[in-house]
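>>> Let me see the structure of the following:
(chains A, B and C)
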Amino acid sequence: MPELPEVETVKESLKQHLIGQKIKDLFTPYPKIIKANLDDFRNRILNQTFRDIRRYGKYLLFILDDYTLISHLRMEGKYYLRNNLADLTKHEHVIFELEDKLFLSYHDVRKFGTMELVDKGEENSHLDSKKLGPEANDSNLNIQEVYLKIHKANRPIKSILLDQSVVTGLGNIYVDESLFLSKIHPEQKGADLSYAQIEDIIRNAKVVLDKAVSLGGTTIRTYQSTLGVDGRFQNELKVHTRAGYNCYNCESKILKIKVGGRGTYFCPTCQVRFNND
DNA sequence: ATCTATGCCTGGTGGC
DNA sequence: TGCCACCAGGCATAGA
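Prediction:
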């Protein structure tokens, strides 16, 4: 599932091809991806040119002349560039016709992804309305603020880190990896954690995210970045997807449990739950 | 105010 | 082989 490193990878590869391209037409075989009135969306986006592509957390921001297209890939959304409409496959739901027989196509088997169009300059306030926290790999992240949010919460640290209003950019893969590096049990309550432990978790989250970005993200299950390029971080995973295999730090076998409804991998020896009563 | 449950979706998998 | 129940899960929303 695309998390911060995967979305960053998509952004960078799309930038190579889209900047300066004008949207000549729009096809929507499955319009529910677009979270607004379709006619209005279409009327506004036609003849707009891609000027820049940015990212905040897991959101992609396509900066056009007068609008910003905000795209979330959710579970398995991906963008393809095609040279022929005849090449389209079953799950391509929104297709932008560009110039020179080039098409930008949004592919999403589960149809969970979303697109919204806002006036240019409104993207920040639009994202503000989603109450997103700071990016988990932001070197200027205010640790004190994050500490206060985590320390007052009486839910598992795994659930807190998946909550994008605390920090944004982490998903199921990188939360598991960050907690392993921090030697914290995923079910440990936020309120149990000290300032130093939370600082350590945030530091490790940045280490994991930065390395994943540098390797083009993680390819497991169905994720591939644009143009069918695989990421390489899956070779670096310490716990995620490794249920039943030996921990790299000790002899224990990695376990898989459910935390807050999410499949969660951890080492029962390295990540011991502590009692803080 | 916090936290949990549900719905959105389809392909893959395992049981029979 | 075919059928079917179940699972994967980010986020918005409803409910406790």
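>>> who's in contact with residue A:186?
Residues counted as contacts of residue A:186 (C-beta atoms under 8 Å, 6 or more residues apart in numbering) are A:156-158, A:175-176, A:179, A:257, A:259, A:264, A:266, A:271. C-beta: built from backbone N, CA, C; applies to glycine.
>>> Give me the nearest residue to residue A:253, chain neighbours excluded.
The shortest distance from residue A:253 to any non-neighbouring residue, by C-beta to C-beta, 6 or more residues apart in numbering, is to residue A:244 (5.7 Å).
>>> Pull the number of nearby residues for that neighbour.
8 (other C-beta atoms under 10 Å).
>>> correct me, but it touches residue A:252?
No - under the criterion of C-beta atoms under 8 Å, residue A:244 is not in contact with residue A:252, lying 11.0 Å apart.
>>> For the longest helix along chain A, which helices and strands make contact with it?
Looking across chain A with DSSP state H, the single longest helix is helix A:195-214. Under the contact definition 3 or more C-beta pairs under 8 Å, 6 or more residues apart in numbering; DSSP states H and E, helix A:195-214 sits against helix A:4-18, helix A:143-151, helix A:157-162, helix A:172-182.
>>> does any bit of the last one sit next to DNA strand B?
This means helix A:172-182. No - using C-beta under 7 Å from any atom of the strand, we find that helix A:172-182 stays clear of DNA strand B, coming within 13.4 Å at best.
>>> Could you pull out the strands in the stretch 51-200 of chain A for me?
In the stretch 51-200 of chain A, the strands defined using DSSP state E, counting those that start in this stretch lie at A:52-56, A:59-63, A:67-72, A:78-82, A:92-97, A:103-107, A:114-119.
>>> With mean neighbour count, distance to DNA strand B and mean pLDDT added, can I get those in CSV?
CSV is the format used below for those (neighbours: other C-beta atoms under 10 Å; distance: least, C-beta to the nearest atom of the strand, whole Å; pLDDT from 0 to 100):
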stretch, mean neighbour count, distance to DNA strand B, mean pLDDT
strand A:52-56, 16, 21, 97
strand A:59-63, 22, 17, 97
strand A:67-72, 22, 12, 97
strand A:78-82, 20, 14, 93
strand A:92-97, 21, 10, 97
strand A:103-107, 21, 11, 96
strand A:114-119, 18, 10, 96
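>>> so which of these gets nearest residue A:152?
Nearest of the strands of the stretch 51-200 of chain A to residue A:152, taken as C-beta to C-beta: strand A:52-56 at 24.8 Å.
>>> So what touches the closest one?
Residues contacting strand A:52-56 (C-beta under 8 Å, 6+ apart): A:4, A:7-8, A:11, A:14-15, A:18-19, A:60-63, A:127, A:132, A:135, A:168.
>>> Give me the angle between the longest helix of chain A and helix A:143-151.
110 degrees (axes from the mean of the first three to the mean of the last three C-alpha atoms, to 10 degrees).
>>> following helix A:195-214, which helix or strand shows up next?
Later in the chain than helix A:195-214, the nearest helix or strand by DSSP states H and E is strand A:255-259.
>>> The helix or strand following that next one close to DNA strand B?
Once the chain leaves strand A:255-259, the next helix or strand it forms, by DSSP H and E, is strand A:262-266. No - using C-beta under 7 Å from any atom of the strand, strand A:262-266 stays clear of DNA strand B, coming no nearer than 10.4 Å.
>>> Against residue A:254, how distant is the residue nearest to residue A:253?
Computed as C-beta to C-beta, to the nearest Å, the residue A:244 to residue A:254 distance reads 7 Å.
>>> Need the strands of the stretch 51-200 of chain A in CSV (columns: distance to DNA strand C).
Formatted as CSV, these follow (distance: least, C-beta to the nearest atom of the strand, whole Å):
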stretch, distance to DNA strand C
strand A:52-56, 10
strand A:59-63, 7
strand A:67-72, 6
strand A:78-82, 14
strand A:92-97, 15
strand A:103-107, 15
strand A:114-119, 8
